[in-house]
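Trainee: take a look and give me a structure for this.
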Amino acid sequence: MRLRKGRIGNYGPAEYAKGKNAFAWDRRNSLCKEKSRSPVLKMAAFHTSSDGNLRILAVSGRLDSQSRKDLRDTIQSLLEGENSGDVLVDLERLDYMASAGFRELFLAGRQVSRQGGRLAVCSLRGEVKRVFELACFDTAYPVFDTRHEALAYFKAPNPAV
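Mentor: Next up is the predicted model:
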């Protein structure tokens, strides 16, 4: 077999230097770039508010492993101070939640309870609700169907006090 100068098989010198699979990798990479032109998925967005001693965190979009650090930082900012109080996490507008999000919520609940507060979750829907039920998250922390029910729970006296 005779090689032409500057070409080695179907690969040029640059591809050969990278390895034989470089062409396939470049092709896969370009296909991925084409796929990324599809509609952009909403990343997680966090909105915080307070109602007296109750801190409310509303999460929307997609909570995945990339946005878990943002969730952790937002929860940490809610819990700053000596008298952090109770935390309500409203997931009404959350479309997707990865296991990393569950871990951050569970750790936040532990931190809130160490500080003498309570954590509750409300307004689950769709796949997020199904996964919460499968993970038995409601055995660790209260889960409410509506924000109104959760607010009523927090207005009741704290049995730990």
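Trainee: from now on I want contacts and neighbour counts done on CA atoms only, so please keep to that.
Mentor: Fine.
Trainee: let me see the ranges of the strands in this structure.
Mentor: Assigned by DSSP state E, the strands in the chain fall at 45-51, 54-63, 86-97, 119-122, 143-144.
Trainee: so how far is the third one off the chain centroid?
Mentor: The one in question is strand 86-97. Relative to its chain's centre, strand 86-97 lies at 10 Å (CA atoms, centre = their mean, to the nearest Å).
Trainee: and what of the second one?
Mentor: Relative to its parent chain, strand 54-63 has a centroid offset of 10 Å by CA atoms, centre = their mean.
Trainee: please name every helix or strand in contact with it.
Mentor: Applying 3 or more CA pairs under 8 Å, 6 or more residues apart in numbering; DSSP states H and E, we find strand 54-63 packed against strand 45-51, strand 86-97.
Trainee: any chance of TSV for those, columns mean neighbour count?
Mentor: Shown next, in TSV, are the helices and strands packed on strand 54-63 (neighbours: other CA atoms under 10 Å):
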stretch	mean neighbour count
strand 45-51	13
strand 86-97	22
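Trainee: would you mind giving these as a markdown table with mean pLDDT and distance to F132 added?
Mentor: Formatted as a markdown table, the helices and strands packed on strand 54-63 follow (pLDDT from 0 to 100; distance: least, CA to CA, whole Å):
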| stretch | mean pLDDT | distance to F132 |
| --- | --- | --- |
| strand 45-51 | 92 | 19 |
| strand 86-97 | 94 | 9 |
